[in-house]
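Novice: what follows is a predicted structure for the sequence shown.
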Amino acid sequence: MRRLFESVVEKCVGFGFVDETDAAFDGSTIEADSNKERKGAPQEIEKLWSNKEQV
């Protein structure tokens, strides 16, 4: 994966999409619920979005 990433970055530099002077990193983490067995999730999301003015 590292070689693939470095190859893609090298090509982007070659095409002028990015340069080698600055870099930014995002090390943030988010909590995720990956439980595929959860029931009612779409209804919960729909309920939340329907009340977004209250949030």
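Specialist: Now that the structure is in, tell me what you want to look at. Small disclaimer: the values here were computed from a predicted structure and weren't measured.
Novice: who touches the biggest helix by length in the chain?
Specialist: The residue-count maximum for a helix in the chain (DSSP state H) belongs to helix 2-15. For helix 2-15, contacts defined as C-beta atoms under 8 Å, 6 or more residues apart in numbering pick out V18, D19, E20. For the C-beta atoms, the positions are set from N, CA and C on the backbone; glycine is no exception.
Novice: 10 Å instead, please
Specialist: Contact with helix 2-15 is made by F17, V18, D19, E20, as judged by C-beta atoms under 10 Å, 6 or more residues apart in numbering.
Novice: show me where this protein dips below the pLDDT cut-off.
Specialist: Along the chain, segments meeting pLDDT under 70 span 33-42, 51-55.
Novice: hey, where'd the helices end up in it?
Specialist: Ranges of helices in the chain, per DSSP H, are 2-15, 41-50.
Novice: need the ones you listed in TSV with mean neighbour count and distance to S28, can you?
Specialist: Listed next are the helices of the chain as TSV, based on neighbours: other C-beta atoms under 10 Å; distance: least, C-beta to C-beta, whole Å:
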stretch	mean neighbour count	distance to S28
helix 2-15	10	20
helix 41-50	10	22
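Novice: quick one, which of those gets closest to T29.
Specialist: Distance to T29, taken as C-beta to C-beta, is lowest for helix 2-15 among the helices of the chain, at 20.2 Å.
Novice: put the alpha carbons of the closest one into PDB.
Specialist: The C-alpha trace of helix 2-15 is given here as PDB (Å, rounded to 0.1, in the frame of the first residue of the first chain):
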ATOM      1  CA  ARG A   2       2.800   2.400   0.800                       C
ATOM      2  CA  ARG A   3       4.400   1.900  -2.600                       C
ATOM      3  CA  LEU A   4       1.100   2.500  -4.300                       C
ATOM      4  CA  PHE A   5       0.500   5.700  -2.300                       C
ATOM      5  CA  GLU A   6       4.000   7.000  -3.000                       C
ATOM      6  CA  SER A   7       3.500   6.200  -6.700                       C
ATOM      7  CA  VAL A   8       0.200   8.100  -6.800                       C
ATOM      8  CA  VAL A   9       1.800  11.100  -5.000                       C
ATOM      9  CA  GLU A  10       4.700  11.000  -7.400                       C
ATOM     10  CA  LYS A  11       2.400  11.100 -10.400                       C
ATOM     11  CA  CYS A  12       0.400  14.000  -8.900                       C
ATOM     12  CA  VAL A  13       3.600  16.000  -8.400                       C
ATOM     13  CA  GLY A  14       4.600  15.200 -11.900                       C
ATOM     14  CA  PHE A  15       1.300  16.500 -13.300                       C
END
